[in-house]
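Enquirer: Prediction below, plus the sequence it came from.
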Amino acid sequence: MEMQPYGEPSAAARVLVVEDERPLVDAIRVALEREGHVVLTAHDGASGLERALHEPVDVVILDVMLPGMSGFEVCRFLRQRSDVPILLLTARVDETDRVVGLDLGADDYITKPFSMRELMARVRAALRRKGLAQTARLAVGDLVVDPARHEVRCGDRVLPLSPKEYDLLEVLSRHAGRVLSRGQLLELVWGYDYEGDERTVDVHVSWLRRKLREAGSAVRIVAVRGVGYRLEP
């Protein structure tokens with residue numbers, strides 16, 4: 001069973017990811033699609049600029065170090081022609097580079113490595129400024145997941161979840177009824193650069209199960225042997 005939105009869902013945003021590291025592009029795509037967004041991609045500066053100028057885009061995630069035209073050049077040309085929010089990604093930690101990017105018109109700046117949770121928070125912030133924030137609550141069985149408040153309710157009771165427990169339950173809720181592998185859950189909740197092992201997922205699932213039982217929820221996290229977990233109302 002697919003999860004149903006609670007309240008009025010907001011429109012999906014179109015996010016352009018301009019990045020030449022394809023594994024990173026794939027990880028960002030999964031995280032964005034989990035939040036309901038449509039993802040466009042480009043792997044070099046010139047094609048990224050072309051897509052940004054000629055296709056409807058709500059946010060641009062732009063790497064600084066790109067083959068051919070750099071992210072700084074793309075940012076400068078794009079800002080001359082569009083007011084689309086631009087979020088720069090870079091492995092550089094020099095303050096000068098951050099200042100240059102912001103002076104060229106970037107709206108935000110994030111340094112690699114970063115967590116997907118942080119990147120998604122920055123995308124949501126950019127969408128809020130643009131008036132496109134996605135904060136619709138999710139209803140799964142007797143649970144209500146509220147991304148805006150970062151909390152989960154069972155009836156009138158707020159579940160006492162840690163940040164990672166909340167993130168894990170939100171991911172499972174957005175894919176209710178579908179099996180997610182431990183590897184997928186690690187990537188979506190802990191980030192593509194997480195260096196721990198899959199037992200981390202098992203531990204957090206056991207904690208979530210206990211808290212769901214204590215809250216009297218009928219929702220269950222079911223283990224699929226040799227695969228992963230799914231959330232069932």
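Expert: Received it, and whenever you're ready, just let me know what you need.
Enquirer: how is this structure carved up into domains?
Expert: The chain breaks down into these structural domains: 11-130, 137-232 (assignment by automatic domain parsing).
Enquirer: Give me the mean pLDDT for the longest one.
Expert: Confidence for domain 11-130, expressed as mean pLDDT, is 88.
Enquirer: one step back: any chance of the domains of the chain in a markdown table, with mean neighbour count too?
Expert: Using the backbone N, CA and C atoms, a C-beta is placed for each residue, glycine as well. Output for those, formatted as a markdown table (neighbours: other C-beta atoms under 10 Å):
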| stretch | mean neighbour count |
| --- | --- |
| domain 11-130 | 18 |
| domain 137-232 | 17 |
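Enquirer: all helices for this protein, in order.
Expert: Assigned by DSSP state H, the chain shows helices spanning 22-34, 45-54, 71-81, 95-103, 116-130, 163-174, 182-185, 199-214.
Enquirer: residues in contact with the fifth one?
Expert: In this case it means helix 116-130. Residues outside helix 116-130 that contact it (C-beta atoms under 8 Å, 6 or more residues apart in numbering) are 13, 15, 27-28, 31-32, 35, 37, 58-59, 61, 85, 87, 107-108, 110, 133-134, 167, 187-189, 191-192.
Enquirer: related to what we said a few turns ago, and residue 227, which of the helices of the chain is closest to it?
Expert: helix 182-185 (8.5 Å; C-beta to C-beta).
Enquirer: what pLDDT, on average, does the closest one get?
Expert: The pLDDT scores in helix 182-185 average 86.
Enquirer: chain center to it: distance?
Expert: Computed by C-alpha atoms, centre = their mean, to the nearest Å, the chain-centroid distance of helix 182-185 equals 15 Å.
Enquirer: Same check on stretch 144-155?
Expert: That offset, for stretch 144-155, works out to 17 Å (C-alpha atoms, centre = their mean).
Enquirer: Quick one: end-to-end length of it, please.
Expert: One end of stretch 144-155 sits 8 Å from the other (C-alpha to C-alpha, to the nearest Å).
Enquirer: And for it, what's in contact with it?
Expert: Contact partners of stretch 144-155, identified using C-beta under 8 Å, 6+ apart, comprise 6, 134-139, 142-143, 158-159, 161, 163, 166, 169-170, 173, 212, 215-217.
Enquirer: ok, back up a step: for the helices of the chain, please prepare CSV with the additional fields distance to residue 151.
Expert: What follows is the helices of the chain, written out as CSV (distance: least, C-beta to C-beta, whole Å):
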stretch, distance to residue 151
helix 22-34, 18
helix 45-54, 36
helix 71-81, 36
helix 95-103, 33
helix 116-130, 16
helix 163-174, 7
helix 182-185, 20
helix 199-214, 13
